[in-house]
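Trainee: Next input, structure requested:
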Amino acid sequence: MTGTAPRINLARLRGDLERLGQIGRNPRTGGIDRLSFSDADMEGRRFVAGLMEAAGLSVSMDGAGNLSGRWEAGSGPVLMLGSHLDSVPDGGMFDGALGVLAALESVRAMREAGFAPARPVEVIATAEEEGRFGGMFGAQALAGQVTREWLETAQDEAGTRLADAMRAQGLDPLAALDAKRPQGSIHAFLELHVEQGPVLEAAGKPVGIVSGISGVFNWTVHLSGEANHSGTTPMEMRRDAFMGLADFAHSIPELIRQHGSAASRVTIGKVVVEPNFPHTVPGAAEFTLVARDMEERVMRALAAGARAHLKAAAARYGLSVSIEETSWLPPSPCHPDVVAAFRRAAGKLGLDAPLMASGAGHDAQVMASVTRAGLLFVPSVGGISHAPQEKTDWADIEAGASLLMHAAMELAA
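Mentor: As a prediction, the model looks like this:
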């Protein structure tokens with residue numbers, strides 16, 4: 001099956017990451033701006049496609065923009081390894097990109113060592129994972145979860161339509177419907193990602209094996225009152241939209257106590273108040289509400305409770321309330337077969353890799369709906385991610401990539 005034992009070439013992987021990290025880099029902050037279907041995003045895909053071709057892989061891009069490098073070996077369903085290349089605005093160098101390039105390095109190391117897989121192995125760089133248009137578009141296209149309605153109506157916060165962003169890059173939006181992989185065509189999906197939290201670093205562990213990924217729902221909430229003069233409108237006669245927002249925000253701990261669990265996370269992330277003038281009572285407030293939990297039952301209870309709390313806050317201040325439900329992703333356990341393969345690989349490598357949950361969503365969450373999926377974490381220094389200061393120690397990256405490769409060898413054998 002193999003000549004010499006495969007070994008991750010950390011210098012090569014680091015060079016790939018650092019070169020990719022120059023694409024979309026903001027010279028003022030040092031952050032990465034590779035928003036999905038932007039020019040920088042597509043440039044990053046072309047760069048990685050070149051690395052795939054140099055590694056001897058068959059390279060293609062589907063109608064959703066997913067970039068694929070396939071090692072045509074063996075027969076049967078493909079073993080898929082990867083993550084995403086797009087970033088949030090002013091994001092970090094490792095988020096997503098590490099998973100793609102570590103997968104590619106794993107394949108290069110296996111090929112160089114003479115490993116002969118029994119099935120094809122595919123490195124995938126999914127499109128639009130960061131949710132610019134409200135979902136994990138690339139993975140959802142692979143899983144057959146993209147609809148024509150979504151393609152025609154999804155837009156980002158600036159009002160740019162997904163379809164227009166794709167057309168600007170020479171892509172036919174409707175071709176994304178053809179990106180669905182046939183049932184049974186994927187043997188397993190493995191993803192390596194930075195943790196984006198403080199748990200592994202605090203525990204002094206080089207890598208973590210994810211047992212499951214929390215579900216998440218996204219709302220945009222509108223509170224409407226009446227704008228009025230701040231000096232002449234008595235306090236008891238105001239219909240102050242900001243006060244309704246503040247009232248609801250203050251109730252979030254009680255909402256979690258009533259309906260949530262220790263894994264619940266509820267966040268108001270973005271707020272717009274109008275008319276946003278010092279001498280005017282706010283007549284409207286719009287904000288995002290994002291809630292997460294490891295059980296869908298708890299998510300539904302949180303959603304019902306949030307509606308009740310919003311209705312009560314609106315009534316107290318004479319406001320009307322409307323909720324736009326942007327997305328709902330259910331919790332996803334990682335497949336026990338893949339978790340077991342990760343644990344065996346960790347034992348073989350002498351790595352202390354604890355089981356842990358993921359509070360953030362990842363491509364593996366979507367891919368779990370169509371195949372056996374698993375996820376590995378490496379520590380984030382200071383727990384920082386989605387920021388220019390995002391960092392992971394290179395020794396931990398080597399450990400995570402090695403664990404990924406050895407698990408892939410078992411599942412491809």
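Trainee: Can you pull the poorly scored residue ranges out of the protein?
Mentor: Filtered on pLDDT under 70, the chain yields the residue ranges 1-3.
Trainee: repeat that with 50
Mentor: Across the chain, the ranges flagged by pLDDT under 50 are 1-2.
Trainee: Domain map for it?
Mentor: Split into domains by automatic domain parsing, the chain comes to 10-214+331-412, 215-329.
Trainee: Make CSV out of those domains and add mean neighbour count.
Mentor: Heads up, the C-betas are built off the backbone N, CA and C, glycines and all. CSV is the format used below for the domains of the chain (neighbours: other CB atoms under 10 Å):
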stretch, mean neighbour count
domain 10-214+331-412, 20
domain 215-329, 17
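Trainee: As TSV, those domains with distance to Thr4 would be great.
Mentor: Below are those laid out as TSV (distance: least, CB to CB, whole Å):
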stretch	distance to Thr4
domain 10-214+331-412	5
domain 215-329	42
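Trainee: show me where the stretch 251-400 of the chain has strands.
Mentor: Taking DSSP state E, counting those that start in this stretch as the test, the strands found in the stretch 251-400 of the chain are 265-274, 280-281, 284-293, 320-329, 332-333, 355-358, 373-378.
Trainee: Likewise for the stretch 1-150 of the chain?
Mentor: 58-61, 67-71, 78-84, 121-126.
Trainee: tell me the angle of the second one relative to strand 78-84?
Mentor: Think strand 67-71. Taking axes from the mean of the first three to the mean of the last three CA atoms, to 10 degrees, one finds strand 67-71 and strand 78-84 inclined to each other by 140 degrees.
Trainee: Compute the inter-axis angle for strand 67-71 and strand 121-126.
Mentor: Angle, strand 67-71 to strand 121-126, by the same axes, to 10 degrees: 170 degrees.
Trainee: List the neighbouring strands of strand 67-71 plus their orientation.
Mentor: strand 58-61 (antiparallel), strand 121-126 (antiparallel) (DSSP bridges).
Trainee: Pull the distance from the last one to the chain's centre.
Mentor: Yep, that's strand 121-126 we're talking about. Distance of strand 121-126 from the chain centroid (CA atoms, centre = their mean, to the nearest Å) equals 16 Å.
Trainee: Restrict it to CA atoms and write it as CSV.
Mentor: Output in CSV follows, covering the C-alpha atoms of strand 121-126 (Å, rounded to 0.1, in the frame of the first residue of the first chain):
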residue,chain,number,x,y,z
VAL,A,121,-9.3,11.2,-3.0
GLU,A,122,-10.6,14.7,-3.7
VAL,A,123,-9.4,18.0,-2.2
ILE,A,124,-12.3,20.5,-2.2
ALA,A,125,-12.4,24.2,-1.7
THR,A,126,-16.0,25.1,-1.1
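Trainee: quick one: the nearest residue to Asp33 once chain neighbours are set aside and Ser380, what's the gap?
Mentor: Residue nearest to Asp33 in three dimensions, not counting chain neighbours: Gly24, with 4.8 Å by CB to CB, 6 or more residues apart in numbering. Distance, Gly24 to Ser380, using CB to CB, to the nearest Å: 20 Å.
Trainee: Enumerate every residue touching Pro214.
Mentor: Pro isn't right for residue 214; it's Ser. Contacts for Ser214 (CB atoms under 8 Å, 6 or more residues apart in numbering) come out as 263, 265, 292-294, 331, 357-361.
Trainee: So what touches stretch 328-345?
Mentor: 135-136, 188, 190, 209-218, 293-296, 299, 353, 355, 361, 364-366, 368-369, 372-376, 403, 406-407, 410-411.
Trainee: For it, measure first residue to last.
Mentor: 34 Å (CA to CA, to the nearest Å).
Trainee: Please apply the same query to stretch 325-335.
Mentor: Note: stretch 325-335 ends 29 Å apart using CA to CA.
Trainee: How about stretch 369-379?
Mentor: 27 Å.
Trainee: and the angle from the lengthiest helix in the chain to strand 320-329?
Mentor: Ranked by number of residues, the top helix in the chain under DSSP state H is helix 296-316. Calculated by the same axes, to 10 degrees, helix 296-316 forms an angle of 170 degrees with strand 320-329.
Trainee: helices or strands up against helix 296-316?
Mentor: Counting by 3 or more CB pairs under 8 Å, 6 or more residues apart in numbering; DSSP states H and E, the packing neighbours recorded for helix 296-316 are strand 215-224, helix 241-250, helix 252-259, strand 284-293, strand 320-329.
Trainee: Same list (these) but as TSV, adding distance to Pro388.
Mentor: Converted to TSV, these look like this (distance: least, CB to CB, whole Å):
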stretch	distance to Pro388
strand 215-224	24
helix 241-250	28
helix 252-259	29
strand 284-293	22
strand 320-329	27
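Trainee: which stretch among the ones you listed comes nearest Leu177?
Mentor: Between Leu177 and the helices and strands packed on helix 296-316, the shortest separation by CB to CB is 18.8 Å, and it involves strand 320-329.
Trainee: Show me how far the closest one is from its chain's centre.
Mentor: From the chain centre to the centre of strand 320-329 is a distance of 20 Å (CA atoms, centre = their mean).
Trainee: and if you look at stretch 199-216?
Mentor: Relative to its chain's centre, stretch 199-216 lies at 15 Å (CA atoms, centre = their mean).
Trainee: repeat for stretch 218-236
Mentor: Using CA atoms, centre = their mean, the offset of stretch 218-236 from its chain centre is 35 Å.
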